[in-house]
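Undergrad: Need a 3D model of the following:
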Amino acid sequence: MSIYLRDDSDNIVHQVMAQQQASSCAVASIWMARNQAKQMTIDESEWALAWSMYHRVVQDAGFIPEAPAPMSLDPSAHSNDQNTFGNMFSRMGTFMDQVAQALRNDGLRVTFKTRFSPGITVDAWRLSDTTPAIILLGWYNGARRNGGHFIVASRRTSRGHIVYLDPWEGQLRELGIGPQYLSTGRFEQVIYIST
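TA: Below is the predicted model of the structure:
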């Protein structure tokens, strides 16, 4: 993982983890939100720590050795299920309930979780310097879902935009409350966390 420093329109600096493996957006988003809630900074060498704490978001993962970053798994060599680490991180991905449980296991509070519903929005008034949100969004082609992605809603700017930290290429974006994200993304579920 690489860490990028990105400024928002209020000149607040954010640390954004950039994923280097498909389906690692959940771990990167968990780590960014966790560190914001705890008011901690991120160091690139922390990927091993993040991995050791959160790799168990995989159902029935057992004892999985630490994955070095960057890492590449060939999706064609894996099944589209969550039975193994390889399957999950090459094709299947992560569910919001797994993310919420991993955060609770780390001693964080999930203060609110929305139901799963394509078209959900972020409640800007729930966000603060110590209360970020993790968003599950789906990539859609019309009504067909073609995959998902996790991002962090960090804060509300003075102009009313939401600062989103996106582990895909380590981007910071200021957008509205949703439900649309970029051209084909739709917010599906949101959790708000705090210490």
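
Undergrad: Centre of the chain to the top helix by length along the chain, how far?
TA: Scanning the chain for the helix with the most residues, using DSSP state H, yields helix 25-37. Using CA atoms, centre = their mean, to the nearest Å, the distance from the centre of helix 25-37 to the centre of the chain it belongs to is 6 Å.

Undergrad: Put the alpha carbons of it into CSV.
TA: The C-alpha atoms that make up helix 25-37 are tabulated as CSV, following Å, rounded to 0.1, in the frame of the first residue of the first chain:
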residue,chain,number,x,y,z
CYS,A,25,-10.4,-1.7,-0.7
ALA,A,26,-12.2,-3.0,2.5
VAL,A,27,-8.9,-3.4,4.5
ALA,A,28,-7.6,0.0,3.2
SER,A,29,-10.9,1.7,4.1
ILE,A,30,-11.1,0.1,7.5
TRP,A,31,-7.6,1.3,8.3
MET,A,32,-8.2,4.9,7.1
ALA,A,33,-11.4,5.2,9.0
ARG,A,34,-9.9,3.5,12.1
ASN,A,35,-7.0,5.9,12.2
GLN,A,36,-9.3,8.9,11.6
ALA,A,37,-11.5,7.9,14.5
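
Undergrad: Remind me what it packs against, helices and strands.
TA: Packed against helix 25-37, as judged by 3 or more CB pairs under 8 Å, 6 or more residues apart in numbering; DSSP states H and E, are the following elements: strand 13-18, helix 47-54, helix 96-105, strand 133-141, strand 144-156, strand 185-194. All C-beta atoms are positioned from the backbone trio N, CA, C, and that covers glycine.

Undergrad: Redo the ones you listed as TSV? Include mean neighbour count and distance to residue 120.
TA: Below are the helices and strands packed on helix 25-37 laid out as TSV (neighbours: other CB atoms under 10 Å; distance: least, CB to CB, whole Å):
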stretch	mean neighbour count	distance to residue 120
strand 13-18	20	23
helix 47-54	18	23
helix 96-105	18	11
strand 133-141	21	9
strand 144-156	20	12
strand 185-194	22	5
